[in-house]
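> predicted model and sequence follow; I will ask about them next.
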Amino acid sequence: MRILQGPDLASLHEQLVPHIVKNCYRKPDGTPEVYPGENGQDTIECPEVTLECKTPMYGRRFVPPPNVPFDQRFLDEYSMQLIHGKKGTSFFEYDYHERTRNWGGDFLSCDGSIGVDQVQYIIRKLRSSPMSRRAQAITWYPQIDTEKDDVPCLQLIHCTIREDRLHMKVVFRSEDMLLGIGPNMYGLTSMQCYISNCLDVDIGTYTHVAFCPHLYIHRDADYLKAFNKSWWESCGLKI
């Protein structure tokens, strides 16, 4: 697994597009293998990648891809929904807030009972047992997601306290490395900050694992060409 490191979140994001272009799966003739995604969008993909940031709340936390209208208000709303929930602002068919803070409540409960608040579980677990290895949250509903077309990319959030700092590791089964990962990292590190404040410990490292990192080569052609068109095409892609 390739490990990319950077002093801040934005520097990690900036490494991703060239990393995927350089290391994407290729045909025998050397041209990139284009995969028809299950959502109908063609992608290129590289092997799994891990991003590591030692100081996720410092420096540049987000860099928008060229011509993408992600502003600070969007990022703050995305983070607020992820951590606290906000009706009417769900960005996807699935909702990470519901999946982490009300797991099983809306989808799996037959009697209307409240689901599991996994973020509060993480806080309680680490407060009662600071060296615990069990402070985690999951998002997958096998009963639901094996039958749905749109399913969560984020699968796991795992937190530990080591050397008096809260470290967070997250796992994505699949992730759009142009438009998706920036808000995801921003929102999840905001959650890391929220948990660390509740526990009164400093923020530690942030580790982000993506099993199938990919780029949408036709949907996002204008954005990708804005990165570096000549280098992109030298890798065998015509967009």
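Arrived safely.
> pLDDT at the spatially most central residue of the chain, what is it?
Nearest to the geometric centre of the chain sits N184, at 4.1 Å (Cα atoms, centre = their mean). pLDDT recorded at N184 is 96.
> element containing it, please.
Assessed by DSSP states H and E, N184 sits inside helix 181-199.
> likewise V209?
strand 202-210.
> show me which residues of that strand are buried.
Buried residues in strand 202-210, counted by 16 or more other Cβ atoms under 10 Å: 203-210. Where you see a C-beta, it was placed from the backbone N, CA and C, and this is true even at glycine.
> for D220, see how far away the residue nearest to the centre of the chain is.
To D220, N184 is 16 Å away according to Cβ to Cβ, to the nearest Å.
> quick one: contacts for L75?
When contacts are counted by Cβ atoms under 8 Å, 6 or more residues apart in numbering, L75 touches 62, 183, 186-187.
> wait, which of these is closest to Q15?
F62 (14.4 Å; Cβ to Cβ).
> looking at this, the closest one is in a strand?
No - judged by DSSP: H, G, I helix; E, B strand; the rest coil, F62 forms no part of a strand; its state is coil.
> got a pLDDT number for it?
92.
> thought L12 was touching it, still the case?
No - with contact defined as Cβ atoms under 8 Å, F62 and L12 do not form a contacting pair (10.7 Å).
> now do the shared contacts for the two.
Here F62 and L12 have M185 as joint contacts, going by Cβ under 8 Å, 6+ apart.
> for the two, indicate the residue with more neighbours.
Taking neighbours as other Cβ atoms under 10 Å, F62 and L12 compare with L12 leading, 25 against 18.
> and the closest residue to the more buried one other than its chain neighbours, how far is that from V63?
Spatial nearest neighbour of L12, chain neighbours left out: G6 (4.2 Å); criterion: Cβ to Cβ, 6 or more residues apart in numbering. Taking Cβ to Cβ as the measure, G6 falls 11 Å from V63.
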